[in-house]
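Engineer: Build the 3D model from these lines:
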Amino acid sequence: MDPCEVVVAVDLGGTRMKCGLVAADGAVLHRETRPTPREAGGRAVLDALLETVVELGQKATADGHLVRAIGVVVPGVIDAATGTVGAENLAWVGMPVLAEIMAAVGDDVPIVLAHDVRGGGYAELRQGALVGTTNSMFLPLGTGIAAAMVIDGSLVSGDGYAGELGHTRFIHGDAAELCACGQWGCLETVASAAALARRYGARTGRTVDGAREVLELLAAGDPDAAQVWDDALRVLVDALVLYTTLVAPTRIAIGGGLVGAGETLLQPLRDGIHARLTFQREPEIVAAVLGEEAGFIGAARMAWDRVEADEKGTTA
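Structural biologist: Model (predicted):
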């Protein structure tokens, strides 16, 4: 392999890290997956991230490559001013992630720290389902729900706080469940992949193997699976109508594990939104195309954008 310039890219998830070395043209020169030691606590997760970044940089050097930047995407809320992260599923509370990475690798290489969903949305915008849009949204439906919002051509960060569509309240009264965020009746408590499995189990008393099994039961005609699924679709339509009314996207790309349901998910969302809108601009509802690679690709692209911005003397 010929030596070249690369960025280190890491997508830190709750169970594993997708990471590697990526050239300026997008070619992945090295790729690997490492476990995220979540059970060992927040400090152990951070140490594993730091070890990964350092070792990938060492590999790049050993292979004759020049590391130009580091891109890391993580879940949770990122304080853009301080580089600290709060992520419940990683046991991080005000974790100084950016400062720790800088201490581990030095200040010679620029570092980009971003939200994993915004990273995935940026990848979909640059080379996926949102290419060509200036007002759009990437909405992965996985263990949790968050959105990457593209407004007037820019990916919205809100100083690290934007896009938490999963923590908007759509369920009221006795039907509202307590969300991990501390609020009752959030979208995420009904329409996430984790919620489907939990709600099916609560309704039937049977344990299922995640949302995948609920979808299999749905396809087999199980009435309890159908009710849980219909509940999820109803609140998703509510959320998308609200977002469309406020921000007017032309396209919404649905990702995450639930998009594996295909048209069983997408067509009811299209139909539900079409029936509800009056004056609003109706968005296309499509499947995201980059799958589990979206965050990793986004981390690399953001890192390369930082390199380009630094060369031009602008801000990425």
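Engineer: OK, contacts around Leu277?
Structural biologist: Taking Cβ atoms under 8 Å, 6 or more residues apart in numbering, we find Leu277 in contact with Val241, Thr244. For the C-beta atoms, the positions are set from N, CA and C on the backbone; glycine is no exception.
Engineer: Is the most centrally placed residue in the chain in a helix, a strand, or coil?
Structural biologist: The centre of the chain sits closest to Val117, judged by Cα atoms, centre = their mean, with a distance of 2.3 Å. Assigned state for Val117: helix (three-state reduction, DSSP: H, G, I helix; E, B strand; the rest coil).
Engineer: From Gly166, how far out is it?
Structural biologist: 10 Å (Cβ to Cβ, to the nearest Å).
Engineer: what does Leu277 give?
Structural biologist: Distance of Leu277 to Gly166, given as Cβ to Cβ: 22 Å.
Engineer: Strands along the stretch 51-200 of the chain, start to end?
Structural biologist: 66-74, 77-79, 84-87, 92-95, 111-115, 136-140, 148-151, 154-155 (DSSP state E, counting those that start in this stretch).
Engineer: what is the nearest residue to Val156 once chain neighbours are set aside paired to in the beta sheet?
Structural biologist: Excluding the flanking residues, the one nearest Val156 by Cβ to Cβ, 6 or more residues apart in numbering is Met149, at 4.4 Å. Beta-bridge pairing of Met149 under DSSP bridges involves Met137.
Engineer: Met149 contacts Gly163, correct?
Structural biologist: Yes - Met149 is in contact with Gly163 according to Cβ atoms under 8 Å; the separation is 5.5 Å.
Engineer: How far does the helix ranked longest in the chain sit from its chain's centre?
Structural biologist: Of all segments of type helix in the chain, defined using DSSP state H, the longest is helix 223-247. Helix 223-247 has its C-alpha centroid displaced from the chain centroid by 19 Å (Cα atoms, centre = their mean, to the nearest Å).
Engineer: List the buried residues for it?
Structural biologist: 224-225, 228-229, 231-241, 243-244, 247 (16 or more other Cβ atoms under 10 Å).
Engineer: swap in stretch 190-205?
Structural biologist: In stretch 190-205, counting by 16+ other Cβ under 10 Å, buried: Val190, Ala191, Ser192, Ala193, Ala194, Ala195, Leu196, Ala197, Arg198, Arg199, Tyr200.
Engineer: which ones are touching the first one?
Structural biologist: For Val190, the set of contacting residues under the criterion of Cβ under 8 Å, 6+ apart consists of Phe170, Ile171, Glu177, Arg199, Asp231, Ala232, Val235.
Engineer: how about the CA coordinates for the host helix or strand of Met302, as CSV?
Structural biologist: According to DSSP states H and E, Met302 maps onto helix 294-312. Extracted C-alpha coordinates of helix 294-312, given in CSV (Å, rounded to 0.1, in the frame of the first residue of the first chain):
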residue,chain,number,x,y,z
ALA,A,294,-22.9,6.2,8.4
GLY,A,295,-21.3,7.4,11.6
PHE,A,296,-17.8,6.1,10.7
ILE,A,297,-18.0,7.8,7.2
GLY,A,298,-19.3,11.0,8.8
ALA,A,299,-16.5,11.1,11.3
ALA,A,300,-13.9,10.7,8.5
ARG,A,301,-15.6,13.4,6.3
MET,A,302,-15.8,15.8,9.2
ALA,A,303,-12.1,15.3,9.9
TRP,A,304,-11.2,15.9,6.3
ASP,A,305,-13.4,19.0,6.2
ARG,A,306,-11.4,20.3,9.2
VAL,A,307,-8.2,19.8,7.3
GLU,A,308,-9.5,21.7,4.3
ALA,A,309,-10.8,24.5,6.5
ASP,A,310,-7.5,24.8,8.3
GLU,A,311,-5.7,25.0,5.0
LYS,A,312,-8.0,27.7,3.8
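Engineer: What is it packed up against?
Structural biologist: Applying 3 or more Cβ pairs under 8 Å, 6 or more residues apart in numbering; DSSP states H and E, one finds that helix 294-312 contacts strand 5-12, strand 16-23, strand 66-74, strand 111-115, helix 116-127.
Engineer: Compute the inter-axis angle for that helix and strand 66-74.
Structural biologist: Put simply, helix 294-312 runs at 130 degrees to strand 66-74, going by axes from the mean of the first three to the mean of the last three Cα atoms, to 10 degrees.
Engineer: Can you get me the centre-to-centre distance for helix 294-312 and its chain?
Structural biologist: 17 Å.
Engineer: any idea of the angle it forms with strand 5-12?
Structural biologist: Interaxial angle of helix 294-312 relative to strand 5-12 (the same axes, to 10 degrees): 140 degrees.
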